[in-house]
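A.B. asks: sequence first, predicted coordinates after that:
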Amino acid sequence: MAKDVQKEFDRWQKTTLNKAISKAAERESSFKTTSDIELKRLYTPLDIGGLDYCDDLGFPGEVPFTRGAQPTMYRGRLWTMRQYAGFATPEETNRRYKYLLENGQTGLSVAFDLPTQIGYDSDHPLSDGEVGKVGVAIDTLKDMEILFDGIPLDKVSTSMTINSTAAVLLAMYIAVAEKQGVKSEALQGTIQNDILKEYSARGTYIYPPAESMRIVTDIFAFCKERVPRWNTISISGYHMREAGCTAVQEVAFTLADGIAYVEAAVLAGLDVDSFASRLAFFFCCHNTFIEEIAKFRAARRLWAKIMRERFKAKKDESCVLRFHTQTAGCSLTAQQPDNNIVRVAFQALAAVLGGTQSLHTNSKDEAYALPTEDSVRLALRTQQLIAYESGVADIIDPFGGSYTVEALTDEIEKKSMEYINKIEAIGGAIKAIQAGFIQAEIAESAYRYQKEIETKKRIIVGLNQFQMEEEPFRNIHRVKPELEQYQKEKLTNIKKGRDNAKVKEALSFLKIAAQGTDNLMVPMLEAVRVYATLGEISDTLREVFGEYKER
Amino acid sequence: MAQKIRVLIAKPGLDGHDRGAKVIARALRDAGMEVIYTGIRQTPEQIVNAAIQEDVNVVGLSSLSGAHNNLFSKVVKLLREKGGDDILVLGGGIIPTDDIQGLKEAGVREIFPPGTSTDDIIRYIEKNVKAS
């Protein structure tokens, strides 16, 4: 059969196609994806001739998971609609969470402000002007109690975008649950806890890599025993993509980081099958629809191979790449912001067709500020429209078997593996970050993308084509500046009201653990229970571990 | 031959988003300017010290965390105190339209919002800095 297709294909090219092209040339001499993959005009059975259905695609919920992470995918349960939210005080954010839950959101996702992410209390000089800006400010357990007030932690799953201070926030979450009468074993959620991409793209690191990796593996070990349903890490390509890398680089850098975490955990004495099923991933979904669908499928297949072949994982569940997706913040334009609604819808659809486990859809106004309540609702409705009206959730992996999608899935997997090998040759992800390799690759792609826009090689509607005169966009969310003072006063009161001798003792135990090899989570949990502040805990570790300085 | 225009691109505050800062640093360099990039997480004091020490003509500030009103104004104020009032201060990042006027009044000469082409920034700098 393949032979006939080849013959027919050649004939079509020589006759019908040639005739058309000789009359009118195509729009471009070549068409490329963001990852510089040259796209063919037409994909046919000839392009997937080497595909072995059972080995390369298989069935959903089984290795290599190309067709989906779960056996029934969205026919069983829709993806979790999880809008990343947090701003100002825990009081205000708590109100936004309740609003989102009332509107049908199915999981929480906490955005913390930068001081919380970098281990400074609200009253630290470096926190000046940053308190409550990009997320909610958390100084002590008291703030977490307010944040989740009236939200039953045994019923909701919570994702927390927190990295260098992930252990502190997880400890606080466990302590809040205890106060609600919920055992840690029942808690469901995710901490991002992916420190490597902080060095390469996102920037909220505190300690040097080796010490940071120790905290990460301590969390793995602690959760294995005490919080078994918790996703202990969300290995993230999102921020590297947002910083400018391509789809292929996103897969490669993320999985290379994944390899580094698994290696660190195995080196720390954990059996690969004891923790691997709790690893989660986080990707971006950008504009190029087909490439993005293929990217998710390629990432799943490649990770399954890595876990099986390299780490000799025995259980299927150790090999499955489950992931959260966020639509591409960097694709939003300040010009004609309503266009962003449509961009987000396409990106969200690609993420669903790629088989995401949870999804955040960006709001149209985010090139200006954090989103308003109205624009967040519209973003959530976009997901609900896809879920309930489009019908795409009723079939598993509907693009599977598409000549184009399968060929691109192969190509992205192959190119990602080549990149991973390059990183391996440098000595792995940590070395590649320390050498500045990953950062330089990201910056190079970002620059190229910008140049493509400026030379109009890449058209962004409303930005470099189809522009128009617009009224300034004014309907934006504002974080009240008074909140910083309010948060500082609350902190002062907590420090006055707590048992400071107990705090001192808890911090000294934490310090001893940090100097030795005991699991840090245990003394950390004690410290948050007696209302030690996030800054105090982080400073204790800074004293022992030192601080990372960017090259 | 005219001396090259010297530019400090800086990230004040705790914000780690430096895609824009890096793209602009490189575009200005490609346009023939001398560019120093501070890296992320700089205090206004560090930025001003670097600007004075490096004897720059331009300081380009980038912030996406919403702390621009505080931080940008502080940089301008400190520059004035330290005798750097002739330095052209520019800003970019996620800056709401309604904040632009206030920032200009504080002494930030121009704000370049998302979507600005690097060519526009290059032209603006070349026009407003007379290389001596």
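C.D. replies: Structure's in. What do you need? Numbering: from 1, shown residues only, chains lettered A, B, ... in the order given.

A.B. asks: so what's the residue count around A:S212?
C.D. replies: 25 (other CB atoms under 10 Å in any protein chain shown). Backbone N, C-alpha and C define where each C-beta goes, glycine included.

A.B. asks: chain B versus that one, what's the distance?
C.D. replies: Separation of A:S212 from chain B (CB to the nearest CB, to the nearest Å): 15 Å.

A.B. asks: phi, psi for the closest residue to that residue other than its chain neighbours please.
C.D. replies: With CB to CB, 6 or more residues apart in numbering or on different chains as the criterion, A:S212 has its nearest non-adjacent residue at 4.3 Å, and that residue is A:I195. When read as degrees, to the nearest 10, the backbone of A:I195 gives phi -70, psi -30.

A.B. asks: repeat that for B:I111.
C.D. replies: The phi/psi pair for B:I111 (degrees, to the nearest 10) is phi -120, psi 130.

A.B. asks: state the pLDDT value of it.
C.D. replies: For B:I111, the pLDDT comes out at 97.

A.B. asks: specify the local secondary structure of the residue of the stretch 401-550 of chain A found nearest chain B.
C.D. replies: The stretch 401-550 of chain A approaches chain B most closely through A:P472 (4.2 Å), counting by CB to the nearest CB. On the three-state scheme (DSSP: H, G, I helix; E, B strand; the rest coil), A:P472 is labelled coil.

A.B. asks: how far away is the nearest residue to it once chain neighbours are set aside from A:A369?
C.D. replies: Leaving aside its chain neighbours, A:P472 sits nearest to B:T97 (4.2 Å; criterion: CB to CB, 6+ apart). Computed with CB to CB, to the nearest Å, the distance linking B:T97 and A:A369 is 10 Å.

A.B. asks: the more surrounded of those two?
C.D. replies: A:A369 (23 against 16).

A.B. asks: what's around the closest residue to that one other than its chain neighbours, how many residues?
C.D. replies: Spatial nearest neighbour of A:A369, excluding adjacent residues (CB to CB, 6+ apart): A:I476 at 4.3 Å. Counted with other CB under 10 Å, residues neighbouring A:I476 total 18.

A.B. asks: over to A:T15?
C.D. replies: Other residues within reach of A:T15 by the criterion other CB under 10 Å amount to 10.

A.B. asks: double-check that it belongs to a helix.
C.D. replies: Yes. Per three-state DSSP, A:T15 lies within a helix segment.

A.B. asks: can you tell me which residues contact it?
C.D. replies: Contacts for A:T15 (CB atoms under 8 Å, 6 or more residues apart in numbering or on different chains) come out as none.

A.B. asks: coming back round to it: thought the residue nearest to A:P472 was touching A:E471?
C.D. replies: No. Counting by CB atoms under 8 Å, B:T97 sits too far from A:E471 to count as a contact (9.6 Å).

A.B. asks: buried residues in stretch A:514-530?
C.D. replies: A:514, A:519-530 (16 or more other CB atoms under 10 Å in any protein chain shown).

A.B. asks: dump it to CSV, restricted to CA.
C.D. replies: The C-alpha coordinates for stretch A:514-530 follow below in CSV (Å, rounded to 0.1, in the frame of the first residue of the first chain):
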residue,chain,number,x,y,z
ALA,A,514,20.3,21.9,58.3
GLN,A,515,23.9,21.5,59.5
GLY,A,516,23.4,17.7,59.6
THR,A,517,21.4,15.4,57.3
ASP,A,518,18.0,15.1,59.1
ASN,A,519,14.9,15.7,57.1
LEU,A,520,14.3,19.5,57.2
MET,A,521,10.5,19.1,56.9
VAL,A,522,10.1,17.9,60.5
PRO,A,523,11.7,20.9,62.3
MET,A,524,10.1,23.2,59.8
LEU,A,525,6.7,21.9,60.7
GLU,A,526,7.4,22.5,64.3
ALA,A,527,8.6,26.1,63.6
VAL,A,528,5.5,27.1,61.6
ARG,A,529,3.2,25.7,64.3
VAL,A,530,4.7,28.1,66.9
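
A.B. asks: once you drop chain neighbours, what's closest to the residue of the stretch 101-250 of chain A found nearest chain B?
C.D. replies: For the stretch 101-250 of chain A and chain B, the shortest gap (CB to the nearest CB) falls at A:G203, measuring 2.0 Å. Nearest residue to A:G203 in three dimensions, chain neighbours excluded: B:G16, at 2.0 Å (CB to CB, 6+ apart).

A.B. asks: SS state for the one you found?
C.D. replies: Classified using three-state DSSP, B:G16 is coil.

A.B. asks: and the gap between it and B:F112?
C.D. replies: Distance from B:G16 to B:F112, by CB to CB: 20 Å.

A.B. asks: get me the contact residues on the stretch 351-500 of chain A for chain B.
C.D. replies: A:367-370, A:443, A:446-447, A:450, A:453-454, A:463-464, A:472-474, A:476, A:478-479 (CB under 8 Å from any CB of the partner chain).

A.B. asks: who are the neighbours in contact with the closest residue to chain A within chain B?
C.D. replies: Going by CB to the nearest CB, chain A is nearest to B:G16 of chain B, at 2.0 Å. By CB under 8 Å, 6+ apart, the residues touching B:G16 are A:E198, A:A201, A:R202, A:G203, A:T204, B:I40, B:R41.

A.B. asks: that's all I had, so thanks and see you.
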